[in-house]
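I need the structure of the sequence given here:
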Amino acid sequence: MRSLFGGRRRSVFGPGKELGVYRNELFTVTERIDGILATVADEIDALRRRDLDPDEAAERLGVHEDALDAEEETLQGMMAPEELHGLHMEYEANLERALRGIVTAVRGCSITRLPHRPPDDEEPFIYYKRGQLNVTHARLRMAEIVDVLINWEPGKPAEATVAARMERQREG
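As a prediction, the model looks like this:
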């Protein structure tokens, strides 16, 4: 006798249970990532204001980069609903952008150690600014994407565009 549903038991809750698990895990991981990125942005800003020693900053940023790499592995292991794959991947791409911002700031720190660097050289500060902008802009986009991922309902479009945000604001 053949089973009506292909031999699998059907869940009474349907896709809602998996979506709930995804949302909970996503919320936890993205909150940790956002906290780390907020700290990173503050530390790079301190570099720009000359309130943080470049050697100390490079060490701290390396620790943050390692923590974000671990969180990225967690993100990659998550199973997003099929309709959310594109946005989930965009979140990961923005995390990569933030990581590049950290690397850029660390590069600025390493320039300060060059032996023949003029004392009034502004090049490291250009790297700090670029790094901070990458981190800040990635963080803003990531927050927008997370809002859509967490609040998405099956059957609705999964879009994180300005037009979609304005439509949601009109409805809500």
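
Give the burial count for Ala67, as a bare number.
Neighbourhood size, Ala67 [other Cβ atoms under 10 Å]: 16. Using the backbone N, CA and C atoms, a C-beta is placed for each residue, glycine as well.

if I look at it, how far off is Arg49?
24 Å (Cβ to Cβ, to the nearest Å).

and if you look at Ala70?
Distance from Ala70 to Arg49, by Cβ to Cβ: 29 Å.

For the protein, just list every one of the helices.
15-48, 54-77, 85-111, 123-151, 162-171 (DSSP state H).

now the angle from the last one to helix 123-151?
Taking axes from the mean of the first three to the mean of the last three Cα atoms, to 10 degrees, helix 162-171 and helix 123-151 form an angle of 50 degrees between their directions.

what does helix 162-171 rub up against?
Here helix 162-171 makes contact (Cβ atoms under 8 Å, 6 or more residues apart in numbering) with Glu144, Val148, Pro157.

I'd like to know the average pLDDT value across it.
Helix 162-171 shows an average pLDDT of 71 in the prediction.

How about stretch 34-47?
97.

what's the answer for stretch 51-62, then?
96.

Okay, now the unreliable bits of this protein?
1-15, 165, 168, 172 (pLDDT under 70).
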